[in-house]
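K.L.:
with the input below, show me the fold.
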Amino acid sequence: MAVDHYISVDELIGALPSGDGRVGLDLEADSLYRYAERICLVQVCYGKEVKLIDPLAEESLDPLVDWLGSARIWMHGADYDMTLMLGEWKMVPPMLYDTQIAAQLLGHQRFGYASLVEQYFGVELSKSSQKADWGKRPLSSKMLEYACNDVRYLLPLAHEVEAKLKELGRYEWFLESCEAAQTRVKKREGEEKEAWRISGSGRLQPTGLRFLRAVWNWRDGEAAAWNRPSFMVATNKQLIAWATDLAEGREINLPPKLRPDRSQRLGAAIKEAEGIPESEWPVRPKRVRQRYDETFEKRLKELMENRNQIAENLGIDPSIVASRGVLEQIIAGRVDPADILLKWQLSLLEL
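P.N.:
A predicted model of the protein is given here:
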């Protein structure tokens, strides 16, 4: 029974390997069901053991967080998990290795966890609980089994991909790539954001941007008060449509099930935005427009062909070596190659 895998933090700490021992880790959160997302389940595997920690129980996770600071942790597709850990635990394990990064460096075209488990071990994992509400209690046996399977094959998979990386001489690439992934997440979390600048906002003029900011802030407040994800109040597509209509002087189409009190607060937010002086309207981000002359195009073609040949020889996706966008920035002289590429990428491209 998966429920038997539950363990207290103190029991887990006492059982975990010390020193250079490998540990697999996964997290489940409730971002699809709550405004303030939480880590709702911690799955840990070591040796042949799979254990579950309930972060929503009245038990401090501090000993586990402290232990993670000196452990060798394997995860799969850890970008979101690292964001969760930074937000809730204020840390990311410094020795964190990602089997998804390893799979990409090995040239796997299907590098999702379930796909890799099937490729390496012939086991087909269920994805039925992927979007489940992990914040509810008790968790069903089906969800618990899904959670256990999310780490059950992680260490065997790590063993396989690590051996292949070393055999191909790409292990140092892997280590550098994992470190760079951590750096990106930490940098992203530390940046100041204008969260209301959602996809599609770049097409709006300042008059539309003031309305977009207003309706986004209204939605955010409603979602926070309701403790539900913001898309349950209104989608990004709706916000863009409203901002566009308001900027052009048209009435907006409200969802038929929008509560009267919410509708009133939306109206107040729009009215307030209408009164904002033009000098205080948000501005459109300045975009650097590169003029692609014949010399630029020739150099880009040369670099792309070189990159593609390198990738073909290695059996990996060309974007893993360098994306087109990165190469364009380098040729345009907007960045130093050493500031945007990893050492192994620079070496391959001879930049």
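
K.L.:
C-alpha only now, for contacts and for neighbours.
P.N.:
Fine.

K.L.:
domain boundaries for this structure, per the record?
P.N.:
Taking automatic domain parsing as the criterion, the chain consists of the domains 2-190, 201-280, 294-349.

K.L.:
minimum distance to residue 286: which of these has it?
P.N.:
domain 201-280 (10.1 Å; Cα to Cα).

K.L.:
so where do the helices sit in the stretch 1-150 of the chain?
P.N.:
9-15, 62-68, 79-89, 99-105, 113-121, 141-152 (DSSP state H, counting those that start in this stretch).

K.L.:
verify the stated contact: residue 116 with residue 110.
P.N.:
Yes - using Cα atoms under 8 Å, residue 116 is in contact with residue 110, at 7.2 Å.

K.L.:
deepest of the helices of the stretch 1-150 of the chain, which one?
P.N.:
helix 99-105 (a mean of 23; mean count of other Cα atoms under 10 Å).

K.L.:
hmm, who's touching it?
P.N.:
For helix 99-105, the external contacting residues (Cα atoms under 8 Å, 6 or more residues apart in numbering) are 74-77, 111-113, 157-158, 161-162, 165, 170, 174, 177-178, 316-317, 320.

K.L.:
can you check stretch 117-131 too?
P.N.:
Under Cα under 8 Å, 6+ apart, the answer for stretch 117-131 is 32, 114, 142, 143, 146, 149, 153, 157.

K.L.:
quick one: the closest residue to the fourth one other than its chain neighbours from residue 49, how far?
P.N.:
In space, and not counting its chain neighbours, residue 143 is closest to residue 129: 5.8 Å by Cα to Cα, 6 or more residues apart in numbering. Shown here: residue 129 relative to residue 49, a distance of 22 Å by Cα to Cα, to the nearest Å.

K.L.:
which residue ranges form the strands in this structure?
P.N.:
22-29, 39-46, 49-53, 72-75, 95-98 (DSSP state E).

K.L.:
out of those, which gets nearest to residue 136?
P.N.:
Nearest of the strands of the chain (Cα to Cα): strand 39-46, 8.7 Å.

K.L.:
that closest one packs against which elements?
P.N.:
Other elements packing on strand 39-46 under the criterion 3 or more Cα pairs under 8 Å, 6 or more residues apart in numbering; DSSP states H and E are strand 22-29, strand 49-53, helix 141-152, helix 154-168.
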